[in-house]
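Enquirer: predicted model and sequence below, questions to follow.
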Amino acid sequence: MERFDPMSSTQIQPLAPDGYRLRLPGPTFVPERVLQAGAQLVVNHRGPEFRAALVRAEAGLQPILGTRNRILFYAASGSGMMEAAIVNVAGPGDELLIVTHGQFGERFTTIAQAVGAKADVIATPWGEDIDIDAVQARLREKPYRAMVVVHNESSTGIVADLASLGALVRNSPTLLVVDSVSGLGGIEMKQDEWGVDILVSASQKALMCPPGLGLASISPKAWDVINGGGRLPSFYWDFRRAQASAEKGETPFTPAVGLVAGLLEALDMIHAEGLPQVLARHTRLANALRAGGAAIGLSDFGTGKRKSATVVVFDVPAPLDGAVIVRELYQRHRTVIAGARNRLSGKVIRIGTMGAIDADTIYTDLAHLENVLPDLGHALTAGAGVAAAKAYLE
């Protein structure tokens, strides 16, 4: 066990080295004003100040989700909210149809199996678009308590067609349960219009906050199921308890007070820019990164057409290893991107295009790639990636 050495009482020990660039598909760079807001004096989570903060946070989130539902707040990760979504509508023996198109859809399958639900899986090949006709055919075979899908699959860079999936179950008892942890705030979401019954997300991606704040929005159709029984008994994740507290302007348990304060600042930034403009910026910058990547020999992973606006996934040209690219970018430039921790390990690199980013962010990403790749044996024309991105944006 390492010995803990106290630091100076007058100096904060930095976690990151100078020049650190967090370019993951989450968690993402947190703007200074959001950090400062989160560092304010902690207030009573049952007092009028925090009640007012929750009211503002809900009002700011509802247009981003495209809903009039109450927003439930949890101190939780995105995976925690995925589990919450499952345990509130399913228990042992309940039939769930899980539509996977990457690593996080498979996580939903693991969660469902852990709680004893029967998970039927439609496994979309990674990098391809979900086959809506195949989903429709499966839904006709038997009744399901819920269909479960990841909105933006950050492991593959593909976005689910929620409008089409929602239309398949809108007039049936089957619920549509969606994880939009890496999509919300960077990719359009119309929960009510599309018929998404349970939508869960988290703070650390396009919402520009540190990790630790989970969100859930529940449709009236889903509430009928939740209140009707047939769910796994739970305490912390019980949406009924969270809803009862929300009606009083509170959360059922001690919330992440500082994260809610930071979220308010992030929401101010989003709405000051304008939500349509924020979504358009995400799309433009992701496409600019793709254009720059193509110019230096990095192609998009997969054949799917519904590309993400919040993460770009590049195929790694043979014989390069994605993990080596990730390592070299960090060692040379302190630029932190992601590889893969699944069957694509070494075969792809992933770069976040969400939150507080601009054109210069993309140009810097490409300049760093242009610096690293030739020394790893990948031929390219110096400056071609940055030039292609600039041409796209201009």
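Expert: Perfect, I can see it now.
Enquirer: per-residue pLDDT of residue 91, please?
Expert: Per-residue confidence at residue 91 stands at 89 (pLDDT).
Enquirer: mind checking how far the closest residue in space to it that isn't next to it in sequence is from residue 238?
Expert: Once flanking residues are discounted, residue 91 sits nearest to residue 232: 4.2 Å by C-beta to C-beta, 6 or more residues apart in numbering. Every residue, glycine included, has its C-beta placed from N, CA and C. According to C-beta to C-beta, to the nearest Å, residue 232 stands 10 Å off from residue 238.
Enquirer: now the common contact residues for the two.
Expert: Contact criterion C-beta atoms under 8 Å, 6 or more residues apart in numbering; residues shared by residue 232 and residue 238: residue 88.
Enquirer: phi and psi next, for residue 380.
Expert: Backbone torsions of residue 380, given as degrees, to the nearest 10, read phi -160, psi 170.
Enquirer: ok, the closest residue in space to it that isn't next to it in sequence - contacts?
Expert: Ranked by C-beta to C-beta, 6+ apart and with sequence neighbours excluded, the top spatial neighbour of residue 380 is residue 296, at 4.2 Å. By C-beta under 8 Å, 6+ apart, residue 296 lies in contact with 366, 369-370, 373, 378, 380-381, 384-385.
Enquirer: now the residues you listed: which count as buried?
Expert: For the contacts of residue 296, a neighbour count by 16 or more other C-beta atoms under 10 Å gives the buried set as 366, 369-370, 373, 378, 384-385.
Enquirer: the protein: strands as residue ranges?
Expert: Per DSSP state E, the chain carries strands over the ranges 21-22, 71-75, 95-100, 118-123, 146-150, 152-153, 158-159, 175-179, 198-202, 213-218, 311-315, 335-336, 348-352.
Enquirer: max-length helix in this protein?
Expert: Longest among the helix segments of the chain by residue count, using DSSP state H, is helix 275-295.
Enquirer: and that helix, which residues are buried?
Expert: Going by 16+ other C-beta under 10 Å, helix 275-295 has these buried residues: 278-279, 281-295.
Enquirer: and if you look at stretch 314-321?
Expert: Neighbour-count burial for stretch 314-321 [16+ other C-beta under 10 Å]: 314-316, 320.
Enquirer: on that earlier part again, and of the strands of the chain, who's closest to residue 243?
Expert: strand 71-75 (6.5 Å; C-beta to C-beta).
Enquirer: which residues touch the nearest residue to residue 146 once chain neighbours are set aside?
Expert: With sequence-adjacent residues excluded and distances taken as C-beta to C-beta, 6+ apart, residue 146 is closest to residue 175, at 4.0 Å. Residue 175 sits next to 89, 145-147, 169, 197-198, 221-222, 225 when contact means C-beta under 8 Å, 6+ apart.
Enquirer: pLDDT value on residue 175, please?
Expert: Value for residue 175, per-residue pLDDT: 98.
Enquirer: ok, now residue 296?
Expert: With respect to pLDDT, residue 296 scores 98.
Enquirer: surely residue 306 is in contact with residue 157?
Expert: No. In this structure, residue 306 is not within contact of residue 157 by C-beta atoms under 8 Å, at 9.4 Å.
Enquirer: how about the nearest residue to residue 209, chain neighbours excluded?
Expert: residue 203 (3.9 Å).
Enquirer: I'd guessed that neighbour sits against residue 185; true?
Expert: No. The criterion here is C-beta under 8 Å, and residue 203 misses it with residue 185 at 9.7 Å.
Enquirer: higher neighbour count, the two?
Expert: It is residue 203, of residue 203 and residue 185, that has more neighbours when counted by other C-beta atoms under 10 Å, with 31 against 27.
Enquirer: how about the contacts made by that one?
Expert: 209-215, 259, 262-263.
Enquirer: let's see that with 7 Å instead.
Expert: 209-213, 259, 263 (C-beta atoms under 7 Å, 6 or more residues apart in numbering).
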